[in-house]
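K.L.:
Model the following, please.
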Amino acid sequence: MRNALRPLRDRPFAERWATRLLGAGLAAAAYLLFIPWDLRNRAETPGAINETSPVTDTGITLVVATVLALAAYFGFRDRMRWTLPVVAAPPAALLYVSLATHESPDASMWPVAWLAMVMAGSGVVLAVAGFARQFRGDGVSS
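P.N.:
From the prediction side, this is the model:
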């Protein structure tokens, strides 16, 4: 358990990369598990006026909690430059693929929405990682 909180720069090469790949896999798995593949709004029943979204509040909460926990872990344990590619990039890439592969019925603003969500999410990931980094006792801030 003690090795799980030591800085990754002190660990062997294989362990560093295995930890980073596991973190990226967990971030992607959280997205795939809790967010439906087709994120477009769709009518609840044929001819219905109101639309429903397949995304639930619980799903969003679980993805956010998982990503923030990973951001805190990697902010504490690894270099800051690895936080975005490991934690934020897998869900962002999956969201992009999901939005890009499903045709929208009318003019779509998904590229703008995707960019706004990725920028906001990346900022939060970096903020949480930076906050967690303050509790690291080795005095290194790189």
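
K.L.:
Could you use CA atoms for every contact and neighbour count after this?
P.N.:
Noted.

K.L.:
pLDDT of the one helix or strand A100 maps to, averaged?
P.N.:
Using DSSP states H and E, A100 maps to helix 89-101. What helix 89-101 shows for mean pLDDT is 89.

K.L.:
Could you number the chain from 21 rather than 1 from now on?
P.N.:
In the new numbering, first residue 21, that becomes helix 109-121.

K.L.:
elements contacting that helix?
P.N.:
Applying 3 or more CA pairs under 8 Å, 6 or more residues apart in numbering; DSSP states H and E, one finds that helix 109-121 contacts helix 33-54, helix 130-153.

K.L.:
now for those, which one comes closest to N23?
P.N.:
Distance to N23, taken as CA to CA, is lowest for helix 33-54 among the helices and strands packed on helix 109-121, at 10.4 Å.

K.L.:
Need the contact partners of that closest one.
P.N.:
28-29, 79-80, 82-83, 86-87, 90, 105-111, 114 (CA atoms under 8 Å, 6 or more residues apart in numbering).

K.L.:
So which of the residues you listed are in helices?
P.N.:
Counting by DSSP state H, these place 79-80, 82-83, 86-87, 90, 109-111, 114 in helices.
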